[in-house]
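Undergrad: I'll drop the sequence and a predicted model, then ask my questions.
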Amino acid sequence: MTKSKEDAVSPVIGVILMVAVTVILAAVIAAFVFGMGSGVQKTKIVAATAQNIGGEIVVTYQGGADDSSLDRTSTTALVATFTQADGTPITATTVFATPWAVGSTASAPHTPTTAAGLVVKDHVTVTATFNDGTTQVILDTQV
């Protein structure tokens, strides 16, 4: 009766798995120690709409779940920026009239631009500043 030595691959796989688990654990611990996960901001829920009404672009603040966290002490808490299709500003930054609330509007004159017989839309962006100091784009559209 002869004894044959049959080594399996399982010790090598075992070592590879142990090293992988160690590396993953080290990465998770490092993330907590160095604070990599602490800089994530919560998205605030507020909204605005834009439409072309009688030669003006009118932006209306619609409110939302985080309306109460808007910085109402700042006169620039809601700012609308209007830009022509070629990138030139239609007007300087337009601040919503204060005191503003749901339904408040900001507007800019609108002269349709045409190129190759098509009407080119203008770009409207609205940013909001919140009590915690964060600023968020709440509308980015073309009208």
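TA: Here it is on my side, so go on. Numbering: from 1, shown residues only.
Undergrad: quick one, strands of this structure?
TA: For the chain, the strands defined by DSSP state E occupy 47-53, 56-63, 78-83, 94-95, 105-109, 113-115, 118-120, 123-129, 135-142.
Undergrad: Would you mark the buried spots in the fifth one?
TA: Neighbour-count burial for strand 105-109 flags Thr105, Ala106, Ser107, Ala108 (criterion: 16 or more other Cβ atoms under 10 Å). In short, each C-beta sits where N, CA and C put it, glycine included.
Undergrad: And for the first one?
TA: Within strand 47-53, the residues that count as buried by 16+ other Cβ under 10 Å are Ala47, Ala48, Ala50.
Undergrad: Report the mean per-residue pLDDT for that strand.
TA: Predicted confidence along strand 47-53 averages 91 (mean pLDDT).
Undergrad: hmm, who's touching it?
TA: Contacts with strand 47-53, where a contact means Cβ atoms under 8 Å, 6 or more residues apart in numbering, come from 57-64, 78, 80, 110, 124, 126, 138-139, 141, 143.
Undergrad: likewise the fourth one?
TA: Surrounding strand 94-95, the residues in contact under the criterion Cβ under 8 Å, 6+ apart are Thr75, Thr76, Leu78, Val79, Ala80, Thr81, Phe82, Ala106, Ser107, Ala108.
Undergrad: Cool, thanks, signing off.
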